[in-house]
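Trainee: Requesting a structural model of the entry that follows:
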Amino acid sequence: MNLNNKELWLKFAQEFQSVWYSEILQIAIYSHDSATGKMIIVLKDDNTGILLKAKDVIKSLNKKKLPMPLILSKKYIETSLDSFPLEFLNIVTDYENVIMNEDVLKDIFVDKSDVRLEMEREIKGKWLHIKMALLNQSGNYKQLIEVIRISMNSLLPILKGLIYLLDSEIPNRDLDIIKLADKKTDFSIDSFVLGYELLHNKTKIDKDEVIPYFTKFTSQLQKLMKFVDDLIVLK
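Mentor: Okay, the predicted model is just below:
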């Protein structure tokens with residue numbers, strides 16, 4: 001995360017605290033390896049009236065082009081772990097408290113069977129999207145690269161889930177997550193490294209390399225999909 005963005009998040013955390021006061025249980029920053037990072041705010045209650053108190057803070061945050069914070073109540077988290085296990089796993093393995101009256105995130109337990117089910121759903125949805133993009137955009141190289149970027153953004157939580165299911169410690173850096181997942185599978189997903197570099201604009205691909213790379217990426221994604229399908233989760 002850009003240090004300037006971290007300073008902005010800390011500033012906005014104080015602004016949220018000024019409008020929500022004792023309603024706040026926890027404010028934390030997560031996804032440190034992304035360009036902007038993200039923020040989660042846990043409230044005692046997240047009803048509409050309480051949320052609207054922060055509308056001016058949200059407007060200021062939007063002007064800075066920071067992503068919208070994830071604003072949840074403790075009750076919502078407790079009753080949604082089976083619905084969004086990958087999202088919560090992504091948060092609890094990479095968060096830093098900014099304001100804490102209660103460390104709600106520390107006590108989160110994500111069930112492995114729920115994680116595997118969402119991984120399967122997400123990766124199959126991504127596979128369908130990529131196939132359609134290839135048919136519709138086969139001559140539009142910029143669009144195909146954009147499909148890769150979008151895919152990598154959603155694949156990183158899936159790879160975190162894979163490492164979690166295989167009982168390994170999840171690294172903090174996204175690139176290390178990709179490399180560890182590559183080691184843990186019996187096939188290569190090395191194209192994901194280039195996908196990560198494309199996501200963060202760290203490299204470029206020549207036009208004549210786009211289709212071969214796209215073919216390799218989708219082939220490895222398909223192998224990952226089958227691996228997840230065949231994965232047996234032990235309680």
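Trainee: Buried residues, the lowest-mean-pLDDT helix or strand in the chain. List them.
Mentor: Between all helices and strands in the chain, the lowest mean by mean pLDDT, DSSP states H and E belongs to helix 112-137, at a mean of 89. Residues 112, 114-120, 122-123, 126-127, 130, 133, 137 are the ones in helix 112-137 that count as buried (16 or more other C-beta atoms under 10 Å). Bear in mind the C-beta positions are built from the backbone N, C-alpha and C, glycine included.
Trainee: which residues touch Y164?
Mentor: 89, 93, 110, 112, 115, 170 (C-beta atoms under 8 Å, 6 or more residues apart in numbering).
Trainee: Next: V115.
Mentor: Under the criterion of C-beta under 8 Å, 6+ apart, the neighbours of V115 are 85-86, 89, 161, 164-165, 233.
Trainee: at 6 Å instead, please
Mentor: Contact analysis of V115 by C-beta atoms under 6 Å, 6 or more residues apart in numbering lists 85, 161.
Trainee: picking up where we left off before, could you point out which of the contacts of Y164 is nearest to K74?
Mentor: Taking C-beta to C-beta as the measure, K74 sits nearest to V110 out of these, at 16.0 Å.
Trainee: ok, so what distance separates the closest one from D45?
Mentor: Plainly put, V110 is 24 Å away from D45 if you go by C-beta to C-beta, to the nearest Å.
Trainee: now swap in Q220 and tell me
Mentor: Distance, Q220 to D45, by C-beta to C-beta: 45 Å.
Trainee: So these two - more neighbours on which side?
Mentor: Q220 (19 against 12; other C-beta atoms under 10 Å).
Trainee: can you confirm that one is in a helix?
Mentor: Yes: read with DSSP: H, G, I helix; E, B strand; the rest coil, Q220 is one of the residues of a helix.
Trainee: Touching, it and S191? I think so.
Mentor: Yes: applying C-beta atoms under 6 Å, one finds Q220 in contact with S191, separated by 5.2 Å.
Trainee: measure stretch 176-190 end to end?
Mentor: One end of stretch 176-190 to the other measures 12 Å (C-alpha to C-alpha, to the nearest Å).
Trainee: starting at the chain centroid, how far to that stretch?
Mentor: From the chain centre to the centre of stretch 176-190 is a distance of 18 Å (C-alpha atoms, centre = their mean, to the nearest Å).
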